[in-house]
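Engineer: Sequence below, structure please.
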Amino acid sequence: MKLYVIGVNYKTTPIEIREKFSIEQEEYERILSGIKKLEGISECALLSTCNRTEIHIFSEDSLADTGNIEKSFCLMKGLDIYNMKKYFYVYEGINAVKHIIKVASGMDSMILGEDQILGQFRKAYELSMKYRTSKAVLNTLSRLAVTSSKKIKTRNLLLGKVSSIAGQTGQLLEQLFGKELIFSNILVIGSGEIGTAVCQKLLEAGVENIYITRRNWKVTEELGINDHTRVKTIDYNDRYSYIDKSHVIIGATSSPHYTITQDKLEENLSDKTNKHIFIDLAVPRDFDEAINKIENIELYNIDRLKELKSMSIKSERQFDHIYIREQIDSHTEEFVKWYRKRNIYSGVQQLSAGNGGM
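Structural biologist: Residues are numbered from 1 along each chain as shown. Next comes the predicted model:
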């Protein structure tokens, strides 16, 4: 079974390297097409999230040269393979199948069982189908991975377990502020999926004053936020002017550039004696790491959140791990059976064609 996963993730790669591999929306067609043209590649898909970038490969007739794929991918991203080689991991065959299903199910995530990965996984395969780089094999595997993920997610919902980066952010703020959190002013930079999810978690926690940035004159109704008393939308370009009055600033954009830089932040802080917590949930990062040098600024990036084990160990024990393993193994086995039948059918067709259809 010539299936491969080649990637970097939060386990092997720090954020300052991981963000270099992050794939922007407009890059997908170019990179997918480039990989598909490599020797031995029959199908491919790309998955890029804040915690991983992976290439999923199927090779029909020959063994794929994973080293060449890594090198070519680095060239497409303007990176030096000799500096990046050590960060890559490779899964092959049945291990690749199982890994893809685990990833889609949130069982390989930084936050175990995170609920955002399924949507990201589906979008990744929608793009590979749109650009015609994934076909029967990877599309069948992705469908089974989604089915497994839905069953695992449903089981965790029944157990009252829903995990997300937004939820972990809420837990961190509750730890830092305690009961005072509801009186804090919080600025959320980014009104996409993560920013909106964070905003909802803050509302659930009772926070009374939230600012969320918008571009192109988005209104809160479009974000699915109905509490106009506690949530106020502001223009993205006015973000610096709201930092002074905010106890917490959360970055959640998809921008390839910093949304907060050290020099502009120093210019706009009128009172440096006030403490500000910055939480950067974006990859590539929203906040320049140099802001940590400013007095009374404390910065958490997504990798620092990973280190806060005390918030996740107890909750991970509540997962039904036996059921999860059963689902992953069951859908792995289902794919293997499908793949073997496909090969038998293909062999019969070739034999029939070789005998002139007799």
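
Engineer: Need the phi and psi values for the spatially closest residue to Asn268 that is not a sequence neighbour.
Structural biologist: Leaving aside its sequence neighbours, Asn268 sits nearest to Tyr240 (CB to CB, 6 or more residues apart in numbering; 4.1 Å). C-beta here means a position set from N, CA and C on the backbone, and glycine is covered the same way. When quoted as degrees, to the nearest 10, the phi and psi of Tyr240 stand at phi -60, psi -30.

Engineer: Please shift the residue numbers so they start at 386 in all later answers.
Structural biologist: Okay, residue one is now 386; in that scheme the one you just asked about reads as Tyr625.

Engineer: OK, contacts around Tyr625?
Structural biologist: Shown in contact with Tyr625 (CB atoms under 8 Å, 6 or more residues apart in numbering): 645, 649-650, 652-653.

Engineer: Need the max-distance pair from those.
Structural biologist: For these, the farthest-apart pair by CB to CB is Ile645 and Glu652; their separation is 11.6 Å.

Engineer: ok, these two, which is more surrounded?
Structural biologist: Ile645 (21 against 10; other CB atoms under 10 Å).

Engineer: mind checking how far that one is from Phe406?
Structural biologist: Going from Ile645 to Phe406 by CB to CB, to the nearest Å gives 22 Å.

Engineer: before we move on, what about Thr518?
Structural biologist: Applying CB to CB, the value for Thr518 to Phe406 is 18 Å.

Engineer: those helices in the protein, which residues are they?
Structural biologist: 400-406, 413-421, 451-461, 466-469, 478-489, 502-515, 521-543, 550-562, 578-589, 624-628, 647-653, 687-691, 698-701, 706-739 (DSSP state H).

Engineer: With distance to Met495 and mean pLDDT as extra columns, can I get these in a markdown table?
Structural biologist: Below are the helices of the chain laid out as a markdown table (distance: least, CB to CB, whole Å; pLDDT from 0 to 100):
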| stretch | distance to Met495 | mean pLDDT |
| --- | --- | --- |
| helix 400-406 | 11 | 96 |
| helix 413-421 | 23 | 97 |
| helix 451-461 | 22 | 97 |
| helix 466-469 | 21 | 97 |
| helix 478-489 | 12 | 97 |
| helix 502-515 | 10 | 96 |
| helix 521-543 | 16 | 90 |
| helix 550-562 | 8 | 89 |
| helix 578-589 | 14 | 91 |
| helix 624-628 | 26 | 96 |
| helix 647-653 | 27 | 95 |
| helix 687-691 | 5 | 85 |
| helix 698-701 | 12 | 52 |
| helix 706-739 | 17 | 79 |
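
Engineer: want to throw those into CSV with distance to Arg670?
Structural biologist: Shown next, in CSV, are the helices of the chain (distance: least, CB to CB, whole Å):
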stretch, distance to Arg670
helix 400-406, 6
helix 413-421, 21
helix 451-461, 20
helix 466-469, 18
helix 478-489, 22
helix 502-515, 18
helix 521-543, 28
helix 550-562, 14
helix 578-589, 13
helix 624-628, 15
helix 647-653, 13
helix 687-691, 8
helix 698-701, 26
helix 706-739, 31
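
Engineer: Can you report how many residues neighbour Ile680?
Structural biologist: Careful, residue 680 is Glu and not Ile. Using other CB under 10 Å, Glu680 has 9 neighbouring residues.

Engineer: Tell me the one of the contacts of Tyr625 nearest Arg599?
Structural biologist: Taking CB to CB as the measure, Arg599 lies nearest Ile645 of these, at 16.8 Å.

Engineer: In contact with the closest residue to that closest one other than its chain neighbours, which residues?
Structural biologist: Distance criterion CB to CB, 6+ apart; nearest residue to Ile645, sequence neighbours excluded, is Phe672 at 4.7 Å. Neighbouring residues of Phe672 by CB under 8 Å, 6+ apart: 636, 643-645, 663, 665, 684, 686.

Engineer: again, only using 6 Å
Structural biologist: By CB atoms under 6 Å, 6 or more residues apart in numbering, Phe672 lies in contact with 636, 645, 663, 665.

Engineer: Now for those residues: which two are most distant?
Structural biologist: Greatest spacing in these, by CB to CB: Ile645 and Asp665 (8.6 Å).

Engineer: most centrally placed residue in the protein?
Structural biologist: What sits nearest the mean C-alpha location of the chain, by CA atoms, centre = their mean, is Thr434, with 2.6 Å.

Engineer: which residues touch that residue?
Structural biologist: Going by CB under 6 Å, 6+ apart, Thr434 touches Gln505.

Engineer: now it: how far from Thr539?
Structural biologist: Going from Thr434 to Thr539 by CB to CB gives 22 Å.

Engineer: just Ile416 next, same as before
Structural biologist: The spacing between Ile416 and Thr539, counted by CB to CB, is 34 Å.
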